[in-house]
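Visitor: Here you go, sequence then predicted model.
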Amino acid sequence: MAHAGIPAIAAARRLLFAPVDVAYLHRGDQGDVGTPALVMLGRDDGALALLRFSVPLAPEVKVLEAYLLLERPAGVDVDPAPVSVHAARVLDAWDPRSTSWARQPRIEDVGAPVTQVSPASGPLVRIDLRPLIQRWRRRTAGDQGVAVVASSTSGTGMAFALGPWGQGRGPVLELYVK
């Protein structure tokens, strides 16, 4: 018999942060200025999204959960195959106005959990960022943001909104803190 309990986030504060910088990179890009509102991750072109957040948390604040929320626009995906995505650490400084496939920053896999996204998944996808946020909290040098990387591919990939779309949402960092 399970004992009744209260989830840790029930007593936590929920904080939302919009990214301060966003870039979309894929093999064959020409260094186009600007990031499209809709991007495809999980195709064979190695595409990835870079995001940087300004998160002013006091040192005594404890981060219980941390997620990147990405919106999936309805009716855009045509391939029924799922795509898996995860977060990676961006190591080098980058500028969204000049970053391209040829001039992309190095990224490091930190063993973040993988999220499988299927066409039947809801409109919001939560990617676990807790391993990265814990590094930020320790003020680890070299953290330059988050890269969203596909762990698997499909014929067409999966569409995600990196700019306002649908309900006006773009990517959001969701923190539960105490």
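Guide: Right, received. Where do you want to start?
Visitor: shaky segments in the chain?
Guide: 1-9, 30-35, 75, 77-79, 137-142, 164-168 (pLDDT under 70).
Visitor: all helices for it, in order.
Guide: 130-137 (DSSP state H).
Visitor: quick one, strands of it?
Guide: Taking DSSP state E as the test, the strands found in the chain are 13-17, 21-25, 38-41, 48-52, 63-71, 83-90, 107-108, 115-117, 124-128, 146-150, 158-161, 172-177.
Visitor: Out of those strands, which is closest to Thr99?
Guide: strand 21-25 (4.7 Å; C-beta to C-beta). For the C-beta atoms, the positions are set from N, CA and C on the backbone; glycine is no exception.
Visitor: What are the contacting residues of that closest one?
Guide: 35-36, 39, 47-52, 94-96, 99-101, 104, 145, 162-163, 170-171 (C-beta atoms under 8 Å, 6 or more residues apart in numbering).
Visitor: Tell me how many other residues crowd Ala58.
Guide: Using other C-beta atoms under 10 Å, Ala58 has 6 other residues around it.
Visitor: Export the strands of the chain as TSV, with columns for mean neighbour count and distance to Arg135.
Guide: Listed next are the strands of the chain as TSV, based on neighbours: other C-beta atoms under 10 Å; distance: least, C-beta to C-beta, whole Å:
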stretch	mean neighbour count	distance to Arg135
strand 13-17	12	16
strand 21-25	22	18
strand 38-41	21	23
strand 48-52	23	14
strand 63-71	21	11
strand 83-90	22	7
strand 107-108	15	10
strand 115-117	18	19
strand 124-128	17	14
strand 146-150	24	11
strand 158-161	24	24
strand 172-177	19	14
